[in-house]
Every structure is written in structure tokens, then in C-alpha cells.
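Colleague: Below: sequence and its predicted model.
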Amino acid sequence: MSKLKITQVKSVIKRMSKQKKTIEALGLGRPNYSNTLPDNPQTRGMIEVVKHLVTIEEVSE
């Protein structure tokens with residue numbers, strides 16, 4: 001199974017609370033923080049909510 005490297009590129013200041021909670025659930029918190037998560041529908045759904053705040057890279061195991 002492939003993984004996704006998610007990097008936060010923008011701040012969550014002045015964003016809706018749903019977006020702030022989603023960034024926290026992805027294991028991010030500040031710009032330039034990154035986390036590697038499994039590529040599954042749950043992760044893709046969270047990314048869809050904050051796609052304007054993060055960049056995504058596919059990482060093979």
C-alpha cells in the first residue's frame with residue numbers, strides 16, 4: 001500500500017474551525033510540518049477539506 005507525505009504550506013490563522021481540526025487530525029500544526037499517512041479514503045477525505053493549505057506527495061514503501 002502506498003503512503004502520502006502531507007506538508008502544510010499555509011497557516012490556519014483566520015480559517016474555519018473544521019479546517020483547523022482537520023489539520024490537527026492529519027498530525028500537522030504549523031507551516032512546513034509534514035506527516036506520512038496511508039493512502040486510504042479517510043485520509044483523502046481529510047486532504048480534500050484542506051487541499052488549499054497542504055501539498056501532497058506519493059511515497060512508495
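Modeller: Structure received. Numbers count the residues shown, from 1 in each chain.
Colleague: All the helices of this structure, in order from the start?
Modeller: Ranges of helices in the chain, per DSSP state H, are 17-25, 41-49.
Colleague: Mind listing residues that contact the first one?
Modeller: The one in question is helix 17-25. Gln8, Val12, Gly29, Met46, Val49, Val50, Leu53, Val54 (Cβ atoms under 8 Å, 6 or more residues apart in numbering). Glycine gets a C-beta too; all of them are placed from N, C-alpha and C.
Colleague: That one versus helix 41-49: what angle between them?
Modeller: Angle, helix 17-25 to helix 41-49, by axes from the mean of the first three to the mean of the last three Cα atoms, to 10 degrees: 130 degrees.
Colleague: Mean confidence (pLDDT) on helix 17-25, please.
Modeller: For helix 17-25, mean pLDDT rounds to 97.
Colleague: quick one: that helix to chain centroid distance?
Modeller: Its chain's C-alpha centre and that of helix 17-25 lie 9 Å apart, by Cα atoms, centre = their mean, to the nearest Å.
Colleague: Name the residues of that helix that are buried.
Modeller: Buried residues in helix 17-25, counted by 16 or more other Cβ atoms under 10 Å: Thr22, Ile23.
Colleague: Then stretch 25-33?
Modeller: Leu26, Leu28.
Colleague: quick one: terminal-to-terminal distance for it?
Modeller: Start and end residues of stretch 25-33 are separated by 13 Å (Cα to Cα, to the nearest Å).
Colleague: Okay, now the unreliable bits of this protein?
Modeller: Within the chain, no range satisfies pLDDT under 70.
Colleague: and with 90 instead?
Modeller: Scanning the chain for pLDDT under 90 picks out 1, 60-61.
Colleague: Going along the chain, name the strands of it.
Modeller: 3-8, 34-38, 54-59 (DSSP state E).
Colleague: ok so, going back, buried only: go through the contacts of helix 17-25 for me.
Modeller: Applying 16+ other Cβ under 10 Å to those flags Gln8, Val12, Met46, Val49, Val50, Leu53, Val54 as buried.
Colleague: For Ser11, give me its contacts.
Modeller: By Cβ under 8 Å, 6+ apart, the neighbours of Ser11 are Arg30, Pro31.
Colleague: For it, give me the backbone phi and psi.
Modeller: phi -80, psi 160 (degrees, to the nearest 10).
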